[in-house]
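# Sequence first, predicted coordinates after that:
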Amino acid sequence: LSPRAVSTSFGCRVNVAICTQGASTPEASSVYVDTRALRNDRVTLVERGSPHSLCLLESGKILPGVKVVIANPETKGMCADSHLGEIWVNSPHNGSGYFMT
């Protein structure tokens, strides 16, 4: 199956519209991260084939009118670079009471 045959997208149950769609380039991009760092709530990029590497694929381009942040659910603030958090989405399609800008 050609990588171009699959279109990635992301949506969530409180946001009735799709938030991202399609690859940002003709070939969907991927990165490799260290699974040991993920267990410590960190994102560390590694080379393909490295021990403990995990391949992650992009979810596409963020659509117009949609804001996406990686947030710390305890502090309700944005996460620093390389920190894990929740994906918070704001768009005109959000359910009432969810992440607002």
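Structure received.

# wait, residue 43 sits on residue 36?
No. At 11.6 Å, residue 43 does not count as touching residue 36 under the criterion of CB atoms under 8 Å. C-betas here are computed from N, CA, C, even on glycine.

# between these two, who's got more neighbours?
Using other CB atoms under 10 Å, the more surrounded residue of residue 43 and residue 36 is residue 43, with 16 against 12.

# okay, now residue 39: neighbour count?
If you count neighbours by other CB under 10 Å, residue 39 ends up with 10.

# Just to be sure, residue 36 is in a helix?
Yes. Assessed with DSSP: H, G, I helix; E, B strand; the rest coil, residue 36 lies in a helix.

# Residue 34 versus the nearest residue to it once chain neighbours are set aside, what's the distance?
Counting by CB to CB, 6 or more residues apart in numbering, residue 36 lies nearest to residue 52, which is 5.2 Å off, once chain neighbours are set aside. Taking CB to CB, to the nearest Å as the measure, residue 52 falls 5 Å from residue 34.

# so what sits against both of those two?
Each of residue 46 lies in contact with both residue 52 and residue 34 under the rule CB atoms under 8 Å, 6 or more residues apart in numbering.

# Counting neighbours, show which residues of stretch 47-65 come out buried.
Neighbour-count burial for stretch 47-65, counted by 16 or more other CB atoms under 10 Å, picks out 53, 58-60, 62-63.

# Who does residue 46 form a beta bridge with?
Beta bridges link residue 46 to residue 32, judged by DSSP bridges.

# Next, count neighbours for it.
17.

# which residues sit in contact with it?
32-34, 52-53.

# will you turn the residues you listed into a markdown table that also has pLDDT and distance to residue 86?
As requested, these are exported to a markdown table (pLDDT from 0 to 100; distance: CB to CB, whole Å):
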| residue | pLDDT | distance to residue 86 |
| --- | --- | --- |
| 32 | 95 | 22 |
| 33 | 95 | 17 |
| 34 | 96 | 21 |
| 52 | 96 | 24 |
| 53 | 96 | 24 |
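
# Low-confidence stretches in this protein?
Scanning the chain for pLDDT under 70 picks out 1-26, 93-101.

# Thank you, goodbye.
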